[in-house]
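Visitor: sharing a model that was predicted from the sequence below.
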Amino acid sequence: MKKLSFSLIILSLLLIASFTAYKVINRHNNNLLMVSEKRIVEAALKCVHEDKCEGDKITLATLYQNNYLEQEINPLTKEIYNQDSYVLIGENKFIVVN
């Protein structure tokens, strides 16, 4: 009986710990993506405000050419974003093109 109770307590603690670890890692990954995305959107907005970029759709290639941004890397996959990826200015949204 004592072994069963002890096993149930250990199992409960493991379940709680694994769920907590999952949530923390997931939140961390989301924050990494959000920071990267925000940096790209802010560079696009700066480019528009300085009248070097026109239109509602600004590609990473345009931001690279105008020196508003250095080569961006996806923080999770460690792959370089495609230069055809773009920012929609009206929505302040970064769209990744594969």
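Guide: Structure received. Residues are numbered from 1 along each chain as shown.
Visitor: when you work out contacts or count neighbours from here on, use the C-alpha atoms and nothing else.
Guide: Will do.
Visitor: please tell me how far the most centrally placed residue in the chain sits from residue 40.
Guide: Nearest to the geometric centre of the chain sits residue 33, at 1.1 Å (Cα atoms, centre = their mean). Using Cα to Cα, to the nearest Å, residue 33 is found at 11 Å from residue 40.
Visitor: which positions in stretch 70-85 come out as buried?
Guide: The neighbour-count check on stretch 70-85 (16 or more other Cα atoms under 10 Å) flags 72, 75, 81-83, 85 as buried.
Visitor: make JSON lines out of those residues and add secondary structure.
Guide: What follows is the buried residues of stretch 70-85, written out as JSON lines (DSSP: H, G, I helix; E, B strand; the rest coil):
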{"residue": "72", "secondary structure": "coil"}
{"residue": "75", "secondary structure": "coil"}
{"residue": "81", "secondary structure": "coil"}
{"residue": "82", "secondary structure": "coil"}
{"residue": "83", "secondary structure": "coil"}
{"residue": "85", "secondary structure": "coil"}
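Visitor: want to throw the residues you listed into JSON lines with pLDDT?
Guide: Output for these, formatted as JSON lines (pLDDT from 0 to 100):
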{"residue": "72", "pLDDT": "92"}
{"residue": "75", "pLDDT": "93"}
{"residue": "81", "pLDDT": "94"}
{"residue": "82", "pLDDT": "92"}
{"residue": "83", "pLDDT": "92"}
{"residue": "85", "pLDDT": "93"}
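Visitor: now, which of these sits nearest residue 3?
Guide: Proximity of these to residue 3 (Cα to Cα) peaks at residue 75, which lies at 44.9 Å.
Visitor: if I follow the layout properly, that closest one ends up in contact with residue 34?
Guide: No: with contact defined as Cα atoms under 8 Å, residue 75 does not reach residue 34; the gap is 10.0 Å.
Visitor: thanks a lot, see you next time.
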